[in-house]
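All I have is the shape, not the residue letters:
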């Protein structure tokens, strides 16, 4: 059951489930509501910037992760292609480019705001947006230009797919799939298959500790380092100890390691990875991780100091037992109010795999076979498509 403050999660989850069921129009309506909600909540976050420093993240309305916002438009584009509306699909692909170009500016602004609002005297780095081009979005754009006969534009997107791999090796640490060049005059009719496999990441809590020295917060955790190990905090005394938790992204176990397409003429071809969407999720999450730590640490310290002061006053006015109980309640309130925000959508895929095959014009029947990491066939399905010139000739499938 989704709460009102989780309406965005509902739009995202329901929109993706309708996509998988082939309910293209319903999926687009829900994903559009998700996109509108993200924009609305981002605008609110700018207005209430100071308030967000005080309130714990889980008490606020869920505003989405950047990778969710980016891939909304990829799936809307596919929905529009299935509905036969290429113009609308192209608009969605361009929205991906717009959002990626704004990502760096967004975090530079947030880092600046955090630096002025927090009592912690630390200058956050304005993280550079390392995800500036999506090979998946560029590929969808390429096939649409190809279908429209705009071969120069298709060639540019072909180059852009390869450039996404070359310029972002931390996001594409695997070979680019072999693609048929759109200006290859002998290519004939190209059948394209995109398969989305496995589920995207989930969030788990990571407990962090704060020890104080004179005018310093010293942060630590078990088995993980942070860019904010030491934070200057003017006026803090030595000897305080606080703890809080932050969200981290974790990979789910992969159910699918390989997908094969088998044509009716006997040809078998494996799909290759075009985009690791889970890796994009993790890398984009890393951009804001220092801000999450700084914000949570600042709240924890402020609440902790207030609790210490409350304990001190209670000890002055209450019996020993009463003061002890009040102190325990104050300490518990500080920690419980700093839970990690573990909300994230549940149905975005982890990877996008593709392949291309030259096929004759007319109806084609093919079988998609999904294999586990142990090599066991876990799922298969038969798909039919009428191959024609000047069409995307695209089959999209999923399994996780």
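Nice, thanks for sending it over. Just so you know, these numbers come straight off a predicted model, no measurement behind them.

the helices in the stretch 251-400 of the chain, which residues?
277-317, 320-336 (DSSP state H, counting those that start in this stretch).

Where among the ones you listed is average confidence lowest?
If the helices of the stretch 251-400 of the chain are sorted by mean pLDDT, helix 320-336 sits at the bottom with a mean of 56.

what residues are up against the residue most central in space within the chain?
Most central residue of the chain, judged by C-alpha distance to the mean C-alpha position with C-alpha atoms, centre = their mean, is residue 67 at 2.8 Å. Taking C-beta atoms under 8 Å, 6 or more residues apart in numbering, we find residue 67 in contact with 200, 277, 280-281, 284-285, 348. Using the backbone N, CA and C atoms, a C-beta is placed for each residue, glycine as well.

Tell me the buried residues within those residues.
Among the contacts of residue 67, the ones that count as buried by 16 or more other C-beta atoms under 10 Å are 200, 277, 280-281, 284-285, 348.

Now do residue 166: how many residues are near it, please.
Counted with other C-beta atoms under 10 Å, the neighbours of residue 166 add up to 10.

Over the helix or strand containing it, what's the mean pLDDT, rounded is fine.
Element membership of residue 166 [criterion: DSSP states H and E] is helix 151-167. Helix 151-167 carries an average pLDDT of 97.

Please, which helix or strand holds the nearest residue to residue 134 once chain neighbours are set aside?
For residue 134, ignoring the flanking residues on the chain, the nearest one in space by C-beta to C-beta, 6 or more residues apart in numbering is residue 96 at 5.7 Å. Mapping residue 96 onto the secondary structure by DSSP H and E places it in helix 86-117.

Moving C-terminal from that helix, which element do we reach first?
Beyond helix 86-117 on the C-terminal side, the first helix or strand identified by DSSP H and E is helix 135-148.

Tell me how far that following helix lies from the chain's centre.
Mean-position distance between helix 135-148 and its chain equals 22 Å (C-alpha atoms, centre = their mean, to the nearest Å).

What average pLDDT does it get?
Averaging the model's pLDDT scores along helix 135-148 yields 97.

Name the residues linked to residue 387 by a beta bridge.
Listed beta-bridge partners, residue 387: residue 362 (assigned using DSSP bridges).

Contact partners for it?
If a contact means C-beta under 8 Å, 6+ apart, then residue 387 has 189, 191, 359-364, 393 as its contacts.

From the residues you listed, list just the buried residues.
If you count burial by 16+ other C-beta under 10 Å, the buried members of the contacts of residue 387 come out as 189, 191, 359, 364, 393.

Can you list the helices and strands that the helix or strand the second one falls within packs against?
Meaning residue 191. Counting by DSSP H and E, the secondary-structure element that holds residue 191 is strand 189-199. Taking 3 or more C-beta pairs under 8 Å, 6 or more residues apart in numbering; DSSP states H and E as the contact definition, the neighbouring helices and strands of strand 189-199 are helix 135-148, strand 258-263, strand 349-359, strand 362-371, strand 377-387, strand 394-399.

of all these, which lies closest to residue 22?
Evaluated with C-beta to C-beta, those place strand 394-399 nearest to residue 22, the distance being 9.8 Å.

for the closest one, packing partners?
helix 66-82, strand 189-199, strand 362-371, strand 377-387.

Just the mean pLDDT for that strand, thanks.
Per-residue confidence for strand 394-399 averages out to 97 on the pLDDT scale.
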